[in-house]
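1. I need the structure of the sequence given here:
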Amino acid sequence: MTVPPRQRTPVCFDSDRNFDDLAPRFARNVYGGLKGELRLAVLRRDFDEFLPACLQSSSGDCVPLHILDAGGGQGQFGLQLAACGHALTLCDISAEMLKLAQEQACAQGLSSVEFVHGSVQSMTLDVQRGSRAPFDLVLCHSVLEWVADQHGLVQALLPLVRLGGYLSLTFYNRHGMVMKNLLRGKRSPILDNRFVPSAGSLTPTRPLDPQQVLTWLAEDHWAILCHSGIRVFHDLLLTPEGRAMPEPELLTLELELSRQEPYRSLGRYQHVLAQRL
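-> Now for the predicted structure:
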């Protein structure tokens, strides 16, 4: 008997992605294991170098920062900053992701985190209307690749940050996706504008060209403090020998190469730290 091929349900590209249906899987696959450790290691390194006060306790003479985790999901990095004593607001359009973030905050004894069930764009409207003050720091991690109006989202981040404040932006890199396909011996469909992930896939629906994002930031007069690649070679390890690399060695090498070209441009994700002038 011939078994018909499994049909892929395409993602709707006309709306922003809501992860209510995939929240537990997202938690496990995106931030769990070594992939998550590599992502957080690059973020911590960049913050330690350029915004060291964020990862230090705000007790004593340090003034706590007012931080927004925009589209924060489970708040893996934002909750680390809250644990340092900073005031954190976390918004997301997924009620299920917010629930996971609240559970994590409760487990860590973080009772002062504000959770908002809403979009990044709605937070921008609140700031523009004067019902919220702009933030000292905005995290927008792994959101841009899931929204329909990517340029519009980048523009919506500017009013959320006070003058002199900071933006931490991560996004899925088109170049890294193409290279992974090439190493598997096939032409990436994104090169021909034919990339349509299935509804149950965690592959981001709209990978971005880093230069395009940097151009958008320059148009809004952001000052770029730091630009790093995340997982610049880890995802390209296709042989058993490569996958057997000891994790400490792999992590050290990832951090060493994360700001060097051409490795940075092949990172599966990109991280940009910027200041609003």
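2. can you give me how far stretch 248-261 is from the chain middle?
-> Centroid separation for stretch 248-261 versus its chain: 19 Å, with CA atoms, centre = their mean, to the nearest Å.
3. which non-adjacent residue is nearest H221?
-> The shortest distance from H221 to any non-neighbouring residue, by CB to CB, 6 or more residues apart in numbering, is to L277 (5.5 Å). Glycine gets a C-beta too; all of them are placed from N, C-alpha and C.
4. can I assume that neighbour is in contact with L225?
-> No. Assessed by CB atoms under 8 Å, L277 is found out of contact with L225, at 11.3 Å.
5. Pick out whichever of these two has more residues nearby.
-> The residue with more neighbours, out of L277 and L225 and counting by other CB atoms under 10 Å, is L225; that gives 16 against 9.
6. so the more buried one is in which element?
-> L225 belongs to strand 222-230 when elements are defined using DSSP states H and E.
7. what's the offset of that strand from the middle of its chain?
-> Centre to centre, stretch against its chain (CA atoms, centre = their mean), the figure for strand 222-230 is 13 Å.
8. Over to stretch 186-196?
-> Offset of stretch 186-196 from its chain centre (CA atoms, centre = their mean): 23 Å.
9. swap in stretch 173-185?
-> Relative to the centre of its chain, stretch 173-185 is centred 19 Å away, using CA atoms, centre = their mean.
10. again with stretch 215-229
-> Centre-to-centre, stretch 215-229 and its host chain are 15 Å apart (CA atoms, centre = their mean).
11. May I see the buried residues of it?
-> W216, L217, W222, L225, C226, H227, S228, G229 (16 or more other CB atoms under 10 Å).
12. so how far is G165 from the fourth one?
-> When you say that, I think you mean L225. Taking CB to CB, to the nearest Å as the measure, L225 falls 12 Å from G165.
13. pretty sure D69 is in contact with S142, am I right?
-> No. Contact criterion CB under 8 Å: D69 and S142 do not qualify, at 11.3 Å.
14. Can you pick out the residue with more neighbours from the two?
-> Neighbours were tallied for D69 and for S142 using other CB under 10 Å; the higher tally belongs to D69 (31 against 21).
15. Show me the strands in the chain, by range?
-> Residue ranges of the strands in the chain, as given by DSSP state E, are 66-70, 87-92, 114-117, 135-141, 161-172, 222-230, 269-276.
16. Out of those, which gets nearest to R45?
-> strand 222-230 (7.8 Å; CB to CB).
17. Just the CA trace of that closest one, in CSV.
-> C-alpha atoms of strand 222-230 as CSV (Å, rounded to 0.1, in the frame of the first residue of the first chain):
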residue,chain,number,x,y,z
TRP,A,222,20.9,54.0,17.1
ALA,A,223,24.5,53.9,18.1
ILE,A,224,25.8,50.3,17.7
LEU,A,225,27.8,49.3,20.7
CYS,A,226,28.3,45.6,19.9
HIS,A,227,27.4,43.1,17.2
SER,A,228,27.9,39.4,17.7
GLY,A,229,27.0,36.1,16.1
ILE,A,230,25.3,33.4,18.1
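18. what packs against the helix ranked longest in the chain?
-> Longest helix in the chain by number of residues (criterion: DSSP state H): helix 33-50. Contacts defined by 3 or more CB pairs under 8 Å, 6 or more residues apart in numbering; DSSP states H and E place helix 33-50 against strand 161-172, strand 222-230, helix 247-257, strand 269-276.
19. now do 6 Å
-> Other elements packing on helix 33-50 under the criterion 3 or more CB pairs under 6 Å, 6 or more residues apart in numbering; DSSP states H and E are strand 222-230, helix 247-257, strand 269-276.
20. Output the lowest mean pLDDT helix or strand found in the protein.
-> helix 23-30 (a mean of 55; mean pLDDT, DSSP states H and E).
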